[in-house]
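>>> Show me the folded form of this:
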Amino acid sequence: MTPAATRSQISQPSRIDRREQGVAAGLRDLFALLGDLLIDGGDARLALDRPWGRNVYGCGPSPEPDVLCFASSTASPISERAYARVELAREQLMHAAISLGLDAALDRRTEEMRCELRGHLGLADDIDIVFSPSGTDSQLHALALVRAMLGESVTSIVVGSDQTGSGTAASARGHHFSTRTANGLAVRTNTPIEGLSGDAVLLPLLDGASMQPRGDIDAEVLDSVEALVRKGRSVLLQVMESSKLGWRAPGMGCLDEVARRWPGRVQVVVDACQMRLGAARLRDHLERGHLMLVTGAKFFGGPAFSGALLVPAAASAALRCGHPIAPGLFDYVNRSDWPLAWTDLRARTVPRANIGQWLRWEAALAEIAAYHAVPEPFRRMAIRQLGESIESLLMLSPALRPIAARAPAPDASDGEFGFPTIFPFALQRDGGPLGLGETQAVYRALQRDLGSRFTGRAAEVAARQCLIGQPVRIERAGEAPSAALRLCIGARQVTDAWCDDITAARVNLESDIDRVADIVAKTELLVSDLSSQDLRDICNAD
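From the prediction side, this is the model:
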């Protein structure tokens, strides 16, 4: 036997061994507890408070059907329907990984999910989808892609900066928004990401003198863009399709004016993370060349976090030409996040399987599919009826003061989202508003079983565990900060109410209205019967 032959015979098995070891390692990850996988591959917001078993949003990693959940502006517990899909998807990926390897199997499945999401949303085949762990991660993806298309002299303008994700102020500047990336890399919050760091202009929607939306936002957007372009800057204009309070800005007329006056200098990115817009309106944005930030959580009720960036054909074509991408972005992406056709970016990205991100999107797709299986007339009727009932309950409550919604102009493209689905309210006691700290305490106390603190009917009400939209901080000139809570209609209220027997479906909707009434009753009980110190003690008990 020659030395060359010996080396060949020895080296070939070693390559096989390494491949088998990689497959085995990936399969070991898949065999972890499903609940642990569902909270993996994100940032600190997914971590569980172990004694309580829930994250900062009050959600655990397994179904909680007894929780009264009207929190779809923030986060929802995973449903039994979605959990079943996740279990099946994991089993199927295990089988595929044995023959293909985990990375190849995940690539194939992720591409199938892109096709499925396009189908549910009625998108053209040439719309590319970049998956991510969260909407905030997708903002970084968008910034990197816009800088690749327009050059490095890009400044972000964020419309609705007071009503978007907590990490947006950092991500809009190309800074780290948490203490670690979804890939597990330790970073320092608010420090620059290599190749992405820049400036941002933040435009709030709330009128500082009232709790109403400001009326000059379109003019402010035009003025801000004009000022930046005059300085030689290109602009990433992030517009709001549904804010935390359900507001939308600027108007389409304003965006048309931007496109007319500054062609090639401004790229619009639409914050549609709430996904509270009709399919026709979504397609209209893409046809105008707008990038879109979406999630499978929020309205659709998939588990937090599941983000994606929708990229129209013209932008995809520009990116395939090999434009340089900020090197720091690669700490935030995995190879399977990029579409298969984006070969240059895929070649530069490490294949790190983010099992948690993938499973959360599998769960979200189960919810999206279920919602779109409901006939459109029933969706419209259910959202309208639930909304009218929530508005009525808020108007009648002595402790919950509704905040005026920014009603969108009538538009056929809105579909069922021509009706409001987010209902913000402030809390008041003895005619005066509760402060930020007390409102946050009520929000957390709603999630606890407090039946032992009361007797009779009050004990039954206090025992209900309730999830609603987390507090939105409100700043008003000359006053201490306050906050708004939110009751939200999500896809799961509609999906779970639907059945072929329309009479039974209407009865199901009435049951949903009863659940909202229970949440309002418990909120009133907490505000009227518990002191500020009681609320703090409850929240610190765990």
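
>>> Check which helix or strand the closest residue to residue 141 other than its chain neighbours maps to.
Nearest residue to residue 141, sequence neighbours excluded (CB to CB, 6 or more residues apart in numbering): residue 309, at 4.9 Å. C-beta here means a position set from N, CA and C on the backbone, and glycine is covered the same way. Assessed by DSSP states H and E, residue 309 sits inside strand 307-311.

>>> Tell me the helices and strands packed up against that strand.
With contacts taken as 3 or more CB pairs under 8 Å, 6 or more residues apart in numbering; DSSP states H and E, strand 307-311 sits against strand 128-132, helix 135-150, strand 291-295.

>>> so what does the last one touch, helix or strand wise?
In this structure, strand 291-295 packs against helix 135-150, strand 266-271, helix 279-287, strand 307-311, with contacts taken as 3+ CB pairs under 8 Å, 6+ apart.

>>> Ok, which of those comes nearest residue 519?
Nearest to residue 519, of all the helices and strands packed on strand 291-295, is helix 135-150, at 25.6 Å by CB to CB.

>>> For residue 70, give its distance to residue 520.
Residue 70 sits 10 Å away from residue 520, going by CB to CB, to the nearest Å.

>>> Could I get the average pLDDT for stretch 83-95?
For stretch 83-95, the mean pLDDT works out to 96.

>>> send the alpha carbons of it over as PDB?
Only the C-alpha atoms of stretch 83-95 are listed here, as PDB (Å, rounded to 0.1, in the frame of the first residue of the first chain):
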ATOM      1  CA  TYR A  83     -48.000  23.800  19.400                       C
ATOM      2  CA  ALA A  84     -49.200  20.700  17.600                       C
ATOM      3  CA  ARG A  85     -47.800  22.000  14.300                       C
ATOM      4  CA  VAL A  86     -44.500  22.700  16.000                       C
ATOM      5  CA  GLU A  87     -44.300  19.200  17.400                       C
ATOM      6  CA  LEU A  88     -44.900  17.700  13.900                       C
ATOM      7  CA  ALA A  89     -42.500  20.100  12.200                       C
ATOM      8  CA  ARG A  90     -39.700  19.100  14.600                       C
ATOM      9  CA  GLU A  91     -40.300  15.400  13.900                       C
ATOM     10  CA  GLN A  92     -40.300  16.000  10.100                       C
ATOM     11  CA  LEU A  93     -37.100  18.000  10.300                       C
ATOM     12  CA  MET A  94     -35.400  15.300  12.300                       C
ATOM     13  CA  HIS A  95     -36.100  12.800   9.500                       C
END
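
>>> Now do the same contact list for the closest residue to residue 151 other than its chain neighbours.
Nearest residue to residue 151 in three dimensions, chain neighbours excluded: residue 234, at 6.1 Å (CB to CB, 6+ apart). Applying CB atoms under 8 Å, 6 or more residues apart in numbering to residue 234 gives the contacts 146, 150, 151, 153, 154, 155, 265, 266, 267.

>>> Point out the least confident member of those, please.
Across the contacts of residue 234, the smallest pLDDT goes to residue 151, namely 88.

>>> Measure how buried it is and give me the count.
Neighbour count for residue 151, taken as other CB atoms under 10 Å: 11.

>>> Look up how far residue 231 lies from it.
Separation of residue 151 from residue 231 (CB to CB) stands at 14 Å.

>>> cool, residue 97 as well?
Here the distance between residue 97 and residue 231 works out to 51 Å (CB to CB).

>>> now residue 504
Distance, residue 504 to residue 231, using CB to CB: 62 Å.

>>> do residue 355 as well
Separation of residue 355 from residue 231 (CB to CB): 45 Å.

>>> Between these two, tell me which one has more neighbours.
Using other CB under 10 Å as the criterion, residue 355 and residue 231 rank with residue 355 on top: 20 against 9.

>>> And the more buried one, how far from residue 299?
The gap separating residue 355 from residue 299 is 25 Å, by CB to CB.

>>> One more: residue 202?
Using CB to CB, we find residue 202 at a distance of 25 Å from residue 299.

>>> more crowded one of these two?
Neighbours were counted for residue 202 and for residue 299 using other CB under 10 Å; residue 299 has more, 30 against 17.

>>> Quick check: phi and psi at the more buried one.
Per-residue torsions, residue 299: phi -60, psi -40 (degrees, to the nearest 10).

>>> Isn't it up against residue 72?
Yes - if you go by CB atoms under 8 Å, residue 299 and residue 72 touch, sitting 5.5 Å apart.

>>> Report the set of residues contacting both of these two.
Contact criterion CB under 8 Å, 6+ apart; residues shared by residue 299 and residue 72: 421, 490, 491.

>>> Now for the spatially closest residue to residue 371 that is not a sequence neighbour: which residues touch it?
Excluding its sequence neighbours, the residue lying closest to residue 371 (CB to CB, 6+ apart) is residue 491, at 4.0 Å. Shown in contact with residue 491 (CB under 8 Å, 6+ apart): 72, 299, 300, 301, 367, 368, 370, 371.
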